[in-house]
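[1] Provided below for reference: sequence and predicted model.
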Amino acid sequence: MGNTHYSVATVLTMFMTGLALGSYLGGRWIDKKSNPLALYAVLEGAIGIYCLLIPSMIEWASPLFLWVYQTQTESYTLVSLYRFLICGVILLVPTSFMGATLPVLSKYVSRDSAFIGRDVGTLYSLNTFGAVFGALSSAFLFMRLWGILSTIWFAAALNIGIAIVIFLLFRPRMNRDEHEEPTTEDKEIEKDPSISNAVPILLAFGFSGLCALAYQVAWNRIFSLLLGSSVYAFSLIL
């Protein structure tokens, strides 16, 4: 991207776009399926395989970047827009898979509507703590020891490993889930009219996310002045 702050904004924009799109599609898809654990394993494996290919995709996109620099010399805005779109297309697929994992795994973990808040809250908390460790360790440990490519390969191997472990350890459970019908509670939740009346709350929640990401980009710019490297600032803020 040529400018670290634009890189941060691009990654955040496409990451959150993918999470939102994946969460929406994953939630709709899993409501029609009875085997969330198998789908979760497929998503984890797909994330790992795709992320292994990202360095090659960036290299394959080099002619596009070169074309942008050669043909759009008069407009820095257009150059930035083209670079954003190229990088965004590369990042959208894996981030969408990542976004789909939470609703899919929530479907498996929370089988009792009486405890859905506790179950989903615990699941989201564990996922967030894992993300905290990943953000810190990748910038301050793994990339310093192994470099960028090896860190990507390590993370991708973990994703693929998760998929393999789930398939091997939980295969009997997956087979049972394939024959389960939606429960009465699931059908009642689908028909609950109160869900459609929550539009103002959902909009407010969306604007809350807007503010949070605006803070994140601004804080990254401030902390990069103090830390000397926006990579470390970005990691700390994440």
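    Good, I have the coordinates.
[2] can we go C-alpha only for contacts and neighbour counts from here?
    Will do.
[3] Name the helix or strand for the closest residue to A156 other than its chain neighbours, please.
    Leaving aside its sequence neighbours, A156 sits nearest to G48 (C-alpha to C-alpha, 6 or more residues apart in numbering; 4.0 Å). Per DSSP states H and E: G48 is located in helix 36-60.
[4] that older thread, the residue nearest to A156: neighbour count?
    Neighbour count for G48, taken as other C-alpha atoms under 10 Å: 23.
[5] now do S208
    So S208, with other C-alpha under 10 Å, has 12 neighbours.
[6] give the contact list for it.
    By C-alpha atoms under 8 Å, 6 or more residues apart in numbering, the contact set of S208 is empty.
[7] counting contacts, what elements does the helix holding G48 pack onto?
    The helices and strands touching helix 36-60, judged by 3 or more C-alpha pairs under 8 Å, 6 or more residues apart in numbering; DSSP states H and E, are helix 76-109, helix 148-169.
[8] Packed most tightly, which of those would that be?
    helix 76-109 (a mean of 19; mean count of other C-alpha atoms under 10 Å).
[9] And the next helix or strand past that one?
    Next helix or strand after helix 76-109 toward the C-terminus (DSSP H and E): helix 116-137.
[10] what mean pLDDT would you report for the host helix or strand of L21?
    Assigned by DSSP H and E, L21 belongs to helix 4-31. Averaged across helix 4-31, the pLDDT comes to 85.
[11] measure S150 to L126 for me?
    Noted for S150: a distance of 25 Å to L126, by C-alpha to C-alpha, to the nearest Å.
[12] right, I mislabeled it, should have said G206
    Relative to L126, and taking C-alpha to C-alpha, G206 is found at 22 Å.
[13] Then G88?
    27 Å.
[14] same check, this time on A20
    19 Å.
[15] now swap in L21 and tell me
    Distance, L21 to L126, by C-alpha to C-alpha: 21 Å.
[16] out of the two, which sits in the busier spot?
    Set L21 next to L126 and count neighbours by other C-alpha under 10 Å: L21 wins out with 20 against 12.
[17] you'd agree that one is up against P94?
    No: with contact defined as C-alpha atoms under 8 Å, L21 does not count as touching P94 (11.1 Å).
[18] Show me what counts as buried in the strand or helix carrying L64.
    Per DSSP H and E, L64 falls inside helix 62-71. In terms of neighbour count (16 or more other C-alpha atoms under 10 Å), helix 62-71 has its buried residues at F65, V68, Y69.
[19] ok, so of these, who is nearest V104?
    F65 (36.2 Å; C-alpha to C-alpha).
[20] Now the closest one: closest residue in space, sequence neighbours ignored.
    R83 (6.9 Å).
[21] pLDDT weak spots in the protein?
    1-4, 34, 111-112, 172-198, 201-202, 205, 213, 227-230 (pLDDT under 70).
[22] the domain parsing of it - what is it?
    4-187, 198-238 (automatic domain parsing).
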